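S.K.: What shape does this take:
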Amino acid sequence: MQPVILAIESSCDETSASIIQAGKVLNNVIASQTVHQKYGGVVPELASRAHQQLIHQVVNEALTSAGIQTNQLNAIAFTRGPGLLGSLLVGVSFAKGMALGLQLPLIEVNHMEAHVLAHFIDEPRPTFPFLCLTVSGGHTQLVVVHDFLNMEVIGETRDDAIGEAFDKAAKMMEFPYPGGPLIDKYAQYGNPKAFTFPHTSIPGLDFSFSGIKTAFLYFLRDHKKNEPRFVELFGPDICASLQAHLVAMVMEKLKLAVAQTGINRVAIAGGVAANSGLRKSMQKQAQQSGWSVFIPKFEYCTDNAAMIATAAHYKYLAKRFASLDVAPLANLAIGD
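M.R.: As a prediction, this is how the structure comes out:
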């Protein structure tokens, strides 16, 4: 079976479509929403409206650039969750309408599982089982990947995600949105040992980032009392120190997971997988401990339909289709 599948991603603020044929991703069309910048974060209602405006254009471009006609499609795939409910609803509704009109099967995809399976878009590809650290604005999880469609969460954040910690810290420093990547950018020019932050950790493989956010808030407040231009004068050092601390927090748990599971094939996925500090730490650990490390291309770290298409390909082969009464789930968990 050499299926041709159209995949749609609309979980947050990226409207994306991709065509996959015989397991090979042909394209990855993404329309980013700029409307949120002046608000300092994603506004859910504006995001869903922007998806409605962009989705037809994005899907049409994906089909056209791949040279695929609708009568060549074998299935329509979409992100069911997790994500913003209004945004998900746009993608789900569009996919259901296309599937009904073309009399094609539907494939629902879990957004976080798709992030993991982004490692199968290109070579090198990990072999099973492997560990995957999924890090984004909404999630921080440790996942044992037994097979394409069999994943087990063994650790996750109990409060905030690492991506949110980056973004909130950037907002505290009055960086424009999205601020997380700017911390990474400025960190390249700073000293990661210039400032220290309290070590916060909880037992086991779970994460917690609420403490470091609070500590960083007080850190800025106290230093600004003595020097109002503290961020302006020491920005790169602040960014480098904070990034090093956050990366150390997730690496600590990742090392523990490797020790407990005995699995030394380790991958990272999600938007924060684009962070240079995390990527370098992974590569350094691979050299020191003999890990086989898998780091996705930058374009497959952030939200995109290519990863949805890849997940859909394996679900198609397993004949795992969705019914037309399927609804989006904002809190869809891995394995659901």
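
S.K.: can you list the weak-confidence ranges in the protein?
M.R.: For the chain, applying pLDDT under 70 flags the ranges 1, 35.

S.K.: Okay, strands next: where are they in it?
M.R.: Taking DSSP state E as the test, the strands found in the chain are 4-9, 14-21, 24-25, 29-32, 75-81, 106-110, 130-135, 140-147, 150-156, 265-269, 292-294.

S.K.: okay if I get those strands as CSV plus distance to Val231 and mean neighbour count?
M.R.: Using the backbone N, CA and C atoms, a C-beta is placed for each residue, glycine as well. Formatted as CSV, the strands of the chain follow (distance: least, C-beta to C-beta, whole Å; neighbours: other C-beta atoms under 10 Å):
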stretch, distance to Val231, mean neighbour count
strand 4-9, 35, 28
strand 14-21, 29, 27
strand 24-25, 41, 18
strand 29-32, 27, 18
strand 75-81, 37, 27
strand 106-110, 39, 25
strand 130-135, 25, 25
strand 140-147, 26, 21
strand 150-156, 32, 16
strand 265-269, 29, 24
strand 292-294, 34, 18
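
S.K.: what would the ones you listed look like in TSV with distance to Gln57?
M.R.: As requested, these are exported to TSV (distance: least, C-beta to C-beta, whole Å):
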stretch	distance to Gln57
strand 4-9	12
strand 14-21	9
strand 24-25	20
strand 29-32	7
strand 75-81	17
strand 106-110	21
strand 130-135	30
strand 140-147	33
strand 150-156	33
strand 265-269	28
strand 292-294	33
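
S.K.: Which among the ones you listed is found nearest to Ala240?
M.R.: strand 130-135 (18.6 Å; C-beta to C-beta).

S.K.: and the closest one, what does it pack onto?
M.R.: Applying 3 or more C-beta pairs under 8 Å, 6 or more residues apart in numbering; DSSP states H and E, one finds that strand 130-135 makes contact with helix 111-117, strand 140-147, helix 230-261, strand 265-269.

S.K.: Any chance you could give me that strand in CSV, C-alpha atoms only?
M.R.: Provided in CSV are the C-alpha atoms of strand 130-135 (Å, rounded to 0.1, in the frame of the first residue of the first chain):
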residue,chain,number,x,y,z
PHE,A,130,13.9,4.9,22.4
LEU,A,131,13.4,7.7,24.8
CYS,A,132,12.0,11.0,23.7
LEU,A,133,12.1,14.3,25.6
THR,A,134,9.2,16.3,24.3
VAL,A,135,9.6,20.0,25.2
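
S.K.: on that earlier part again, of the strands of the chain, give the one that comes closest to Pro181.
M.R.: Shortest distance between Pro181 and the strands of the chain, using C-beta to C-beta, is found for strand 29-32: 12.7 Å.

S.K.: what's the closest one packed up against?
M.R.: Using 3+ C-beta pairs under 8 Å, 6+ apart: strand 29-32 touches strand 14-21, helix 44-66.

S.K.: contacts for that strand?
M.R.: Identification of contacts with strand 29-32 by C-beta atoms under 8 Å, 6 or more residues apart in numbering yields 13-18, 54, 57-58, 61-62, 65, 303-305.

S.K.: Same check on stretch 307-322?
M.R.: If you take C-beta under 8 Å, 6+ apart as the criterion, stretch 307-322 is touched by 1, 3, 5-9, 16, 18-20, 23, 25, 74-75, 77-80, 105-111, 113-115, 117-118, 120-121, 148-149, 300.

S.K.: Over to stretch 84-100?
M.R.: Residues outside stretch 84-100 that contact it (C-beta under 8 Å, 6+ apart): 6, 8-13, 42, 44-45, 47-48, 51-52, 55-56, 59, 70, 75-81, 104-106, 324, 326-330.

S.K.: Of all the residues in that stretch, which ones are buried?
M.R.: 84-96, 98-99 (16 or more other C-beta atoms under 10 Å).

S.K.: from the residues you listed, which is closest to Glu156?
M.R.: Distances from Glu156 to these, taken by C-beta to C-beta, are shortest for Leu84, at 19.5 Å.

S.K.: ok, now how distant is that closest one from Gly179?
M.R.: Computed as C-beta to C-beta, to the nearest Å, the Leu84 to Gly179 distance reads 19 Å.
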